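J.: have a look at this prediction, sequence included:
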Amino acid sequence: MDKNQRSRIYLLVLVIAIFVVWKYRENQKPKMVLVQGTTMGVISYNIKYIDVGLRNFKKEIDSILIDFNQSLSTYIPDSEISTFNNEGSVRFDFPYFSEVLIASQVVYEESDGYFDPTVGPLVDAWGFGAGESISLDSSQVDSVLKYVGFEKVSFTNEGVSTSTPELNLNFSAIAKGQAADVVAEYLMKQGIENLMVEIGGEIRAKGKNGEGETWTIGIEVPDENRLGGIFDAIQLEDHGMATSGNYRNYKVIDGKKVAHTIDPKTGYPKMITLLSATIVAPTCMYADAYATAAMAMGLEKAKSMVENNPSIEAYFIYADQDGNLQTYISTGLTGKTTNPQ
């Protein structure tokens, strides 16, 4: 065998060896499953998880979300929450209503009442529901405020009631986070240890992504003209994350921009410099609720709430006196952002 033949054989063996190693590594890579769909009407969901058997749980997930909506969707006439809002009481057929009431009670108290799922009539009165943009005077605000207040709601694990007929419950500020938890917990029961569930922008993550790294979740630029742009990102492991902001949902009333966040104490839209509130918490349901509370509180009260609650971390984006974007990042997120401020 001459030298050229030996070189060709060596090269062939090398190519085969490289291919075998590559194929082995490909087979060793985690197998990622992507499940997508819609829920709560037009809200999209994106779910990623690693599963050796590549099991697709879309059918089961959609079934769970149908039951979830039958409990908490105000758009379904015979849902549990619609029944409560129409009749003043309801007994539960599903576990979701009692779970969200318990969480709402906790956050209502921890936020000094700034998170309040009975604020819906004020949201509607200011035109952020199905109505048009309107401007209310103080007497009109006071007349609606009489029907607002979570303390007017009584509940057990079996049912919920109120003695204030005009009171309504709406969990739009917490339900997406709760749904993300419900789906994530179902997947965990199926033996899934690495997952990311996103429903309408609210996230619950566990374990690692397909590259073996901590899930990295972006925070959107709080600017109506740059929707979709990423301002920063947080490494999220075994926690929930939710962002609330006024830059997407506002109306122009009497020539002024009015934020959709209503202060449940005053009854008026919150005109504040806090543009975006991202909360990281053990579950997405709590992250969702605390993010809403932060927007209703404003920057300084929200910072105090976070600093006095060791179970949550925060990333706030706000405008300074000159209109420049500034950030507040709680100590627990130090080193967990991709763009340190």
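T.: Structure's in. What do you need?
J.: residues in contact with the most centrally placed residue in the chain?
T.: Central residue of the chain (C-alpha atoms, centre = their mean): E202, 2.6 Å from the mean position. The contact partners of E202, taken as C-beta atoms under 8 Å, 6 or more residues apart in numbering, are 176-177, 180, 240-243, 284, 287-288. No exception for glycine: its C-beta is placed from N, CA and C like everyone else's.
J.: which of these ranks first by neighbour count?
T.: Within those, most neighbours by other C-beta atoms under 10 Å means D288, with 36 neighbours.
J.: tell me which residues touch the spatially closest residue to it that is not a sequence neighbour, please.
T.: Spatial nearest neighbour of D288, excluding adjacent residues (C-beta to C-beta, 6 or more residues apart in numbering): G177 at 2.9 Å. Residues near G177 by C-beta under 8 Å, 6+ apart: 199, 202, 204, 240, 242, 283-289.
J.: likewise I279?
T.: Counted by C-beta under 8 Å, 6+ apart, I279 has contacts 241-243, 286-288, 290-291, 294, 306, 312-314.
J.: where's I219, which helix or strand?
T.: For I219, the element it lies in under DSSP states H and E is strand 215-220.
J.: any idea how far stretch 319-328 is from the chain center?
T.: 24 Å (C-alpha atoms, centre = their mean, to the nearest Å).
J.: quick one, helices of this structure?
T.: 3-28, 58-72, 80-87, 96-110, 120-125, 138-145, 175-189, 284-297, 299-307 (DSSP state H).
J.: mind putting those helices into a markdown table with distance to N324 and mean pLDDT?
T.: A markdown table is the format used below for the helices of the chain (distance: least, C-beta to C-beta, whole Å; pLDDT from 0 to 100):
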| stretch | distance to N324 | mean pLDDT |
| --- | --- | --- |
| helix 3-28 | 47 | 55 |
| helix 58-72 | 39 | 98 |
| helix 80-87 | 42 | 97 |
| helix 96-110 | 31 | 98 |
| helix 120-125 | 30 | 80 |
| helix 138-145 | 33 | 82 |
| helix 175-189 | 30 | 98 |
| helix 284-297 | 20 | 96 |
| helix 299-307 | 14 | 96 |
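J.: deepest-packed of those, please.
T.: Ranked by mean neighbour count, those are led by helix 284-297 with a mean of 29 (mean count of other C-beta atoms under 10 Å).
J.: and it, what does it pack onto?
T.: Helices and strands touching helix 284-297, by 3 or more C-beta pairs under 8 Å, 6 or more residues apart in numbering; DSSP states H and E, are helix 96-110, helix 175-189, strand 202-206, strand 239-245, strand 274-281, helix 299-307.
J.: in the stretch 101-250 of the chain, where is pLDDT below threshold?
T.: Low-confidence segments of the stretch 101-250 of the chain (pLDDT under 70): 128-136, 224-228, 246-250.
J.: try 50 this time
T.: Along the stretch 101-250 of the chain, the model assigns pLDDT under 50 to residues 133.
J.: if we can go back for a sec, which of the helices of the chain sits closest to M40?
T.: When the helices of the chain are ranked by proximity to M40, the top entry is helix 58-72, at 6.1 Å, counting by C-beta to C-beta.
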